[in-house]
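**Student:** just the structure for this:
(one chain, ligands or ions: 2)
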Amino acid sequence: MITIDLKENSVLPGGMRQTEVCFECSVCALHCIVQHVAGFDSKNTFVYDLFRSDDPAVHRALWACSSCHKCVEVCPQDVDPLSVIVHLREKGFNEGRAPAYVYDLVKLVLETGYAFPITKKTQKDREELGLSAPDSSAVGEIRCIASRTGFLEKLK
Ligand code: SF4
Ligand code: SF4
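**Tutor:** Ligands and ions are numbered 1, 2, ... in the order given. Below is the predicted model:
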């Protein structure tokens, strides 16, 4: 592995020194589906733009990632950009600085057990497809897990 001593990103915890070995080759961005939808720009690639951001935990690109793992597979430096993205999301979320829709989505899951609204159309579509009615019986368990792990506290 080639190691280039880039400036360490102090936002990442101790063991995550990925920013030091990323040599900004753009291969991850070339394979990133989100980057392609947004329009690929080799001077401003998805991953190292995050690494260089003054406040990567709230960078808009952070929340566009679909966690497809493609960047992990193709990176020649074993940087594992997704693990960095996940860590930064967690940090932004815990500090209450994630986008509002993220908290709304989490609340929806805790209330209904689904990550999308169950509307009359949803129910009709499922019926037409021969699928069972939406089942929210696991909501109690989800809330129990969220409570015992301290996750509910983070939403206050
Ligand atoms: S593929 Fe790896 S080394 Fe290349 S820019 Fe992406 S994270 Fe950095
Ligand atoms: S995991 Fe995220 S950053 Fe990596 S290629 Fe997929 S969408 Fe892009």
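**Student:** what does this protein put close to ligand 2?
**Tutor:** Taking C-beta under 6 Å from any ligand atom, the part of the chain that reaches ligand 2 is made up of 31-34, 46, 65-71, 81-82, 85. Just so you know, the C-beta spots here come from the backbone N, C-alpha and C atoms, and that holds for glycine as well.
**Student:** got a quick ChimeraX command for the buried subset of those residues?
**Tutor:** Per 16 or more other C-beta atoms under 10 Å, the buried members of these correspond to this ChimeraX selection:
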select :32,34,46,65,70,71,81,82,85
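**Student:** okay, who's weakest in the residues of the chain next to ligand 2 by pLDDT?
**Tutor:** Ranked by pLDDT, the residues of the chain next to ligand 2 bottom out at Phe46, which has 64.
**Student:** Gln35 contacts Ala29, doesn't it?
**Tutor:** Yes: when contacts are counted by C-beta atoms under 8 Å, Gln35 is listed as touching Ala29 (4.8 Å).
**Student:** what about this structure, any weak spots by pLDDT?
**Tutor:** Where the chain drops to pLDDT under 70, the residues are 1-19, 38-48, 51-52.
**Student:** get me the contact residues on it for ligand 1.
**Tutor:** Going by C-beta under 6 Å from any ligand atom, the residues of the chain near ligand 1 are 22-28, 47-48, 75, 77, 79, 81.
**Student:** drop anything exposed from those.
**Tutor:** Cys22, Glu24, Cys25, Ser26, Val27, Cys28, Val47, Tyr48, Cys75, Gln77, Val79, Pro81.
**Student:** could I get the residues you listed as CSV with secondary structure?
**Tutor:** Converted to CSV, those look like this (DSSP: H, G, I helix; E, B strand; the rest coil):
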residue, secondary structure
Cys22, coil
Glu24, coil
Cys25, coil
Ser26, coil
Val27, helix
Cys28, helix
Val47, helix
Tyr48, helix
Cys75, coil
Gln77, coil
Val79, coil
Pro81, helix
